[in-house]
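A.B. asks: sharing a sequence plus its predicted fold:
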Amino acid sequence: VSLYVNVLPDICCSQLEEMIRMLEIKQPRLVNRDRPILLQDNARPHVTQATLLKLQRLDLETLCHSPYSPDLAPTDYHFFQALDHFLQGKIFSSQQAVEKAFRDFIATHSPGFDAGLNNLPLRWQNCVNSLGAYFNCTASFLRYNKLLLIQNQIFHI
């Protein structure tokens, strides 16, 4: 409990400060607007009182994470899925090696990769419009739901 209560929110708060510092250096246009927008999930270190106070003190606008849908989760779809595949089996001994691997990943992506990234806003909007419900169902998912529906009807007769 003490690790969660003390350390994780402290780490999260220091990472927020570091993020703002690096944005001011590398992407000043992002911090020179009215105020930066941060996509906020609800993981425990991100919603503690200390973290929320830090977000307020840094004047960061937060955008709530959309409802979770495995077909549309921003961290699961396209970019991170491709990055995960690219990094499989690789072991890094330094920060420079990690940065080089990331640059290699960006330099070697397929021509259709950018089109996939451009589709993300539409996919996110679909998720928002469906309130997080599934709509890109696989056949097995549909069969599973049909089986549940049949079982539910049998038990309610």
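C.D. replies: Happy to help now that I have it. Please read all numbers here as calculations on a predicted model, not as lab measurements. Numbering: from 1, shown residues only.
A.B. asks: just give the closest residue to residue 92, not the sequence neighbours.
C.D. replies: Distances taken as Cβ to Cβ, 6 or more residues apart in numbering put residue 98 closest to residue 92, at 4.8 Å, once the chain neighbours are dropped. C-beta: built from backbone N, CA, C; applies to glycine.
A.B. asks: so that neighbour is in which element?
C.D. replies: helix 95-107 (DSSP states H and E).
A.B. asks: next: residue 13.
C.D. replies: With DSSP H and E as the test, residue 13 turns up in helix 8-26.
A.B. asks: pLDDT of that helix, averaged?
C.D. replies: For helix 8-26, the mean pLDDT works out to 82.
A.B. asks: tell me the helix or strand right after that helix.
C.D. replies: Where DSSP H and E defines the elements, the next helix or strand beyond helix 8-26 is helix 28-31.
A.B. asks: which neighbouring elements make contact with that next one?
C.D. replies: helix 8-26 (3 or more Cβ pairs under 8 Å, 6 or more residues apart in numbering; DSSP states H and E).
A.B. asks: give me the buried positions along the helix it packs on.
C.D. replies: 8, 9, 12, 13, 16, 20 (16 or more other Cβ atoms under 10 Å).
A.B. asks: ok, the fourth one touching residue 56?
C.D. replies: No - between residue 13 and residue 56 no contact is recorded; they are 11.5 Å apart, counting by Cβ atoms under 8 Å.
A.B. asks: so what touches the helix holding residue 98?
C.D. replies: Residues from elsewhere that reach helix 95-107 (Cβ atoms under 8 Å, 6 or more residues apart in numbering): 82, 83, 86, 87, 90, 92.
A.B. asks: what's the angle between the helix or strand just after it and helix 95-107?
C.D. replies: Downstream of helix 95-107, the first helix or strand assigned by DSSP H and E is helix 112-129. Following axes from the mean of the first three to the mean of the last three Cα atoms, to 10 degrees, one obtains 90 degrees for the angle between helix 112-129 and helix 95-107.
A.B. asks: cheers, nothing more for now.
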